[in-house]
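Trainee: I'll drop the sequence and a predicted model, then ask my questions.
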Amino acid sequence: MPVSPTSIYAHRRDLDGLMSAAIFLREKPEAKVHFVDYGSAGISQFVRQLQFEKETVTQVIVADFGMDEHNSSLIVTALEELRKAKVQVDWLDHHVWTEESMKKVRDLGVKLTKVPDRDACGAELVYHAYREGDGFASLLAKMAHSTDFHGTVDDVTSSLVQLIDYYNSLEPEECDSRLEMLARSVARGVIIEQGTYMDYLSYLDIQGRGVDMLKQSIVVLNAGNLRVAVGFAENSLSGTRACEVIREVVQSDIQVAVKGRKLSIRRSNEAVDCSKIARALNGGGHDYAAGGELPFDASEPDNREAASRMIIEKVSEALAD
Ligand SMILES: [Mn+2]
């Protein structure tokens, strides 16, 4: 691949991130692609990559990725260095940001396109900024929209979501290289190619076993008058899928899926703000879907009780004020 002056960073976990990258690649097929994630490990990888790239690129795009408020000073410092090196930075996002972070980033000369959560998903922002009028790119953005905003999802879109879940269960490097291949093939108009179809088929088996294990682990606890269902998932299930399974199995207002240290938070009760709960658990996100992190690994069955206890405590605290 030729050296490219442009690099795009998109969220690793979902179809909106993948489509943000794919749509941008239709505009600049030679662009470098990186996938990023929240949390201390994810952000330090992001920042390291940015530091490395200030020597080699002239433009950095960040899409469908919010400001990780717990690691914001690292990100701001890295952006500052990029700007000093005269790198143009465009950041397009729809997650919840604090006014302070938006100001900090804009003061550095970063072109921040930030819309309210529900106005547009990341892929739609990338479409409008770089690929307006490209009918296929518009279709890709719609696919992302249907998953990000829990709309009606067609079967092709749903198989892509499952592929991304599968890739996210692999080691990060392996995950990113397969996501990049998928993004490049989608950008060329090939939504499922031979390798991705075979990956999809093997994932169907793995996923079925993961769902069975999760169902056996669910506990329901009360936080005030809210029912909180906590389930412990294996790496093979995405947080979103795990929360869906929990919601199907038990009646609850809030669903929390635990994978190692990572937490995914969803709701069936619209009065609940998931991002508020997530902020009490070292994370953030949307009111309808958010993610956090435990200070310890709950993969071991022995740690599950402590994990559930901590989650209930933080949910109660977060929703009290
Ligand atoms: Mn998104």
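Mentor: The structure has been received and is ready for your questions.
Trainee: Show the pLDDT at residue 133.
Mentor: Residue 133 is assigned a pLDDT of 98 by the prediction.
Trainee: Surely it is within a strand?
Mentor: No. Assessed with DSSP: H, G, I helix; E, B strand; the rest coil, residue 133 is coil; it does not lie in a strand.
Trainee: gap between it and residue 26?
Mentor: Per C-beta to C-beta, to the nearest Å, residue 133 is found 11 Å from residue 26. Yep, even glycine has a C-beta here, placed from its N, CA and C like the rest.
Trainee: now swap in residue 260 and tell me
Mentor: 35 Å.
Trainee: hang on, the earlier thing: of residue 133 and residue 26, which one has the most company?
Mentor: Using other C-beta atoms under 10 Å, the more surrounded residue of residue 133 and residue 26 is residue 26, with 19 against 7.
Trainee: Please give me every residue in contact with the closest residue to the ion within the stretch 1-150 of the chain.
Mentor: Nearest residue of the stretch 1-150 of the chain to the ion: residue 16, at 3.4 Å (C-beta to the ion). By C-beta atoms under 8 Å, 6 or more residues apart in numbering, residue 16 lies in contact with 64, 121-123, 144, 147-148.
Trainee: which of the residues you listed are close to the ion?
Mentor: Applying C-beta under 5 Å from the ion, the subset of the contacts of residue 16 adjacent to the ion comprises 64, 121-122, 148.
Trainee: could you dump those to JSON lines with neighbour count?
Mentor: Below are the ones next to the ion among the contacts of residue 16 laid out as JSON lines (neighbours: other C-beta atoms under 10 Å):
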{"residue": "64", "neighbour count": "30"}
{"residue": "121", "neighbour count": "30"}
{"residue": "122", "neighbour count": "32"}
{"residue": "148", "neighbour count": "24"}
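Trainee: Among the residues you listed, which ones are in strands?
Mentor: Using DSSP state E, no member of the ones next to the ion among the contacts of residue 16 falls in strands.
Trainee: mind putting the residues you listed in a markdown table, pLDDT included?
Mentor: Shown next, in a markdown table, are those (pLDDT from 0 to 100):
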| residue | pLDDT |
| --- | --- |
| 64 | 97 |
| 121 | 97 |
| 122 | 98 |
| 148 | 91 |
